[in-house]
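> need a 3D model of the sequence below.
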Amino acid sequence: MTTNTLYYGDNLDVLRQHIGDETVDLVYLDPPFNSNASYNVLFKEHNGARSAAQLQAFKDTWKWEEAAPVYAELVLLPGALGDAMRAFGQLLPQGGLLAYLVMMARRLAALHRVLKPTGSIYLHCDSTASHYLKVLMDAIFGVRGFRNEIVWQRTSAHANVLKSYGKIHDVLLWYSRSEEFTWNQLYAPYSQEYLDRFFDTVAPDGRRYSRRDLTASMSRASSGQLYTWKGITPPPSRCWAMTQEKMDELDAEGRIHWPQKAGGMPRLKMYPEDLPGIPLQDIWTDISTMHNLSGERMGYATQKPVALLERIIQASSNPGDLVLDPFCGCGTTIAAAQSLRRRWIGIDITQAAIQTIRERLSRTLKEGVDYRVLGEPVSVPDAQVLADSDPYQFQWWALGLVGARPAERKKGSDKGIDGRLYFHDSPDGGDSKQVILSVKAGNTNVGHVRDLRGVLDREKAEIGVLITMHEPTGPMRAEAGSLGLYHSRWGQSYPRLQILTIAELLGGAKIDMPPISQVNVTYRRAPRGRSQQGEQKELL
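Predicted structure coming up:
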């Protein structure tokens, strides 16, 4: 696979149908945590304040009724996976947690199949089910495949903790397909405490240094390491760590520390800049948390920092390798892989994620991103299938065709608004203007146009757009035309009520409105920033 690919659909189906055996170098997955919570996409209002508008992206709730048939198949499997599932069934009641483990078992088995022998997988989880997931990973990847359990501090201390310790960390379970896995050692910078403690000698020029042994074990000695240097011979069972020529060179450079005590062994001066840093450990506290004011924040409650994914990708893959995220959400893994010159595959079951990632890729990087999207409708019959099977996802997809965001969703009526676009229509910015969108998958008539007209009046919106699966009737077009034109301050005029069919949008039709490329404020854009590795980039 040479083309970056974004799949819309169930990751289990995509893995089975589209991803070949042993083709992926690195898998990162951040699945729902079985926390019995509904996670939502939160959008920013056009004036910059947090909106109450929420769109449910996925519901983190698992039902035993749906998992029971799959569980019955898993427990009959020979080997460790069947053993693990039978043990879970004896330990856990038939409910949400067991259903969650059934869901994860099938997907982890599929990920094991697509991973290369040199590949690694990082499973992101929390204390809700991490202990069970580790047993599941042991069963699928083998106990010898376990590399590390990494603790990542995901948030700062909580002040409202009652009768428990504050829960501020997540867990990353790192497994490899074999013992011949890709590994690039990463280093953390020295803390000031470490520098003060271990670089405890000060040179005349004010620089601090540590003193390192210049001898080595005789077991590795060569003839070039057995000599007396400046009247000094290493103690028995030891030799010099380098040749006499190298020792003379270091001495000439002032890199030898000579003890004041006569007969003391010389030592090598090591400055902080001579060393790469402290090898990265399995507790990560140095990656900034995703607080509400973070410039990366995109509205996903479970969004992870780009720096976290950059670290994982750099450690366990090389440029040109293929990175897979089967629960790609708002696309942090994809953004990190793209910036680090890795190929990538992202999979998500919601149109919310697909459209968010598209927007993120279009704004995040200076250069265009070469990728394809599979699983979305590409024809009117495809769109009809999506509308019949999942009207909610159809609506998300249709809004994505025009770059719109979903409207606020509350219990009861949606008040005739499915999506919105915002624009500024004056050189100095001024008040934002809005386009109201209504999406209809079924049959439409002139009544729907009149309803949208009433919404425009109620909301005091400048333009309304009805997106419909079917060709509008003559009375519908006449009713839309009777609303007249919106006159822009830029000197252009636009129909106040427009009707666009899915066929027209798939053919490239656009909403007739002030140039969105210049004045679009529908999506929030994060400021430029530097990644953990110092590369300049933009983050949506």
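
> low-confidence regions, the stretch 151-300 of the chain specifically.
Low-confidence segments of the stretch 151-300 of the chain (pLDDT under 70): 291-295, 297-300.

> one more pass at 80, please.
157-162, 220, 261-263, 289-300 (pLDDT under 80).

> how about the strands in it?
With DSSP state E, counting those that start in this stretch as the criterion, the stretch 151-300 of the chain has strands at 169-176, 187-188, 201-202, 208-212, 215-217, 238-240, 256-257, 267-270, 278-279, 283-284.

> strand partners of the last one, parallel vs antiparallel please.
Based on DSSP bridges, the pairing partners of strand 283-284 within the sheet are strand 146-153 (parallel).

> so what's the residue count around the residue nearest to residue 284 when sequence neighbours are not counted?
In space, and not counting its chain neighbours, residue 284 is closest to residue 152: 4.7 Å by CB to CB, 6 or more residues apart in numbering. (Glycine included, C-beta is placed from N, CA and C.) Neighbour count for residue 152, taken as other CB atoms under 10 Å: 21.

> which residues does residue 152 bridge with?
Beta-bridge partners, per DSSP bridges, of residue 152: residue 170, residue 284.

> for residue 226, give its distance to residue 330.
To residue 330, residue 226 is 62 Å away according to CB to CB, to the nearest Å.

> apologies, that question was intended for residue 278.
Distance from residue 278 to residue 330, by CB to CB: 32 Å.

> repeat that for residue 313.
Counting by CB to CB - residue 313 and residue 330 are separated by 17 Å.

> with distance to residue 394 and mean neighbour count added, can I get the strands of the stretch 151-300 of the chain in a markdown table?
Output for the strands of the stretch 151-300 of the chain, formatted as a markdown table (distance: least, CB to CB, whole Å; neighbours: other CB atoms under 10 Å):
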| stretch | distance to residue 394 | mean neighbour count |
| --- | --- | --- |
| strand 169-176 | 34 | 21 |
| strand 187-188 | 47 | 14 |
| strand 201-202 | 70 | 11 |
| strand 208-212 | 64 | 17 |
| strand 215-217 | 70 | 14 |
| strand 238-240 | 75 | 20 |
| strand 256-257 | 73 | 18 |
| strand 267-270 | 64 | 18 |
| strand 278-279 | 50 | 10 |
| strand 283-284 | 41 | 15 |
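
> kindly reformat those strands as TSV containing distance to residue 455.
Converted to TSV, these look like this (distance: least, CB to CB, whole Å):
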stretch	distance to residue 455
strand 169-176	43
strand 187-188	55
strand 201-202	74
strand 208-212	69
strand 215-217	81
strand 238-240	85
strand 256-257	80
strand 267-270	71
strand 278-279	60
strand 283-284	49
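
> quick one: closest of these to residue 98.
strand 169-176 (19.3 Å; CB to CB).

> now that closest one, how far from the chain's geometric center?
On the basis of CA atoms, centre = their mean, to the nearest Å, strand 169-176 sits 15 Å off its chain's mean C-alpha point.

> grab the nearest non-local neighbour of residue 83.
Nearest one to residue 83, counting by CB to CB, 6+ apart, is residue 139 at 6.9 Å.

> that neighbour contacts residue 88, doesn't it?
No - if you go by CB atoms under 8 Å, residue 139 and residue 88 don't touch, sitting 10.1 Å apart.

> show me where the stretch 51-200 of the chain has its helices.
For the stretch 51-200 of the chain, the helices defined by DSSP state H, counting those that start in this stretch occupy 64-74, 80-91, 96-114, 130-141, 192-198.

> could you export those helices as CSV, including distance to residue 403 and mean neighbour count?
Shown next, in CSV, are the helices of the stretch 51-200 of the chain (distance: least, CB to CB, whole Å; neighbours: other CB under 10 Å):
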stretch, distance to residue 403, mean neighbour count
helix 64-74, 35, 14
helix 80-91, 44, 16
helix 96-114, 32, 21
helix 130-141, 38, 20
helix 192-198, 48, 11
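
> how is the protein partitioned into domains?
Under automatic domain parsing, the residue ranges defining each domain of the chain are 4-186+280-374, 188-274, 380-519.

> return stretch 222-231 as PDB; C-alpha atoms alone will do.
Taking Å, rounded to 0.1, in the frame of the first residue of the first chain, the C-alpha atoms of stretch 222-231 are listed here in PDB:
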ATOM      1  CA  SER A 222      42.700  -5.700  22.800                       C
ATOM      2  CA  SER A 223      46.500  -5.200  22.400                       C
ATOM      3  CA  GLY A 224      45.900  -1.500  21.900                       C
ATOM      4  CA  GLN A 225      44.400  -1.100  25.300                       C
ATOM      5  CA  LEU A 226      47.200  -2.700  27.300                       C
ATOM      6  CA  TYR A 227      49.700   0.000  28.200                       C
ATOM      7  CA  THR A 228      51.000   2.300  30.900                       C
ATOM      8  CA  TRP A 229      49.900   5.900  30.300                       C
ATOM      9  CA  LYS A 230      51.700   8.900  31.900                       C
ATOM     10  CA  GLY A 231      53.100   6.500  34.500                       C
END
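
> buried ones in it, by neighbour count?
If you call a residue buried by 16 or more other CB atoms under 10 Å, then stretch 222-231 has these buried ones: residue 225.

> from the chain's centroid, how far away is that stretch?
Mean C-alpha position of stretch 222-231 versus that of the full chain (CA atoms, centre = their mean) differs by 55 Å.

> nice, that's everything, thank you.
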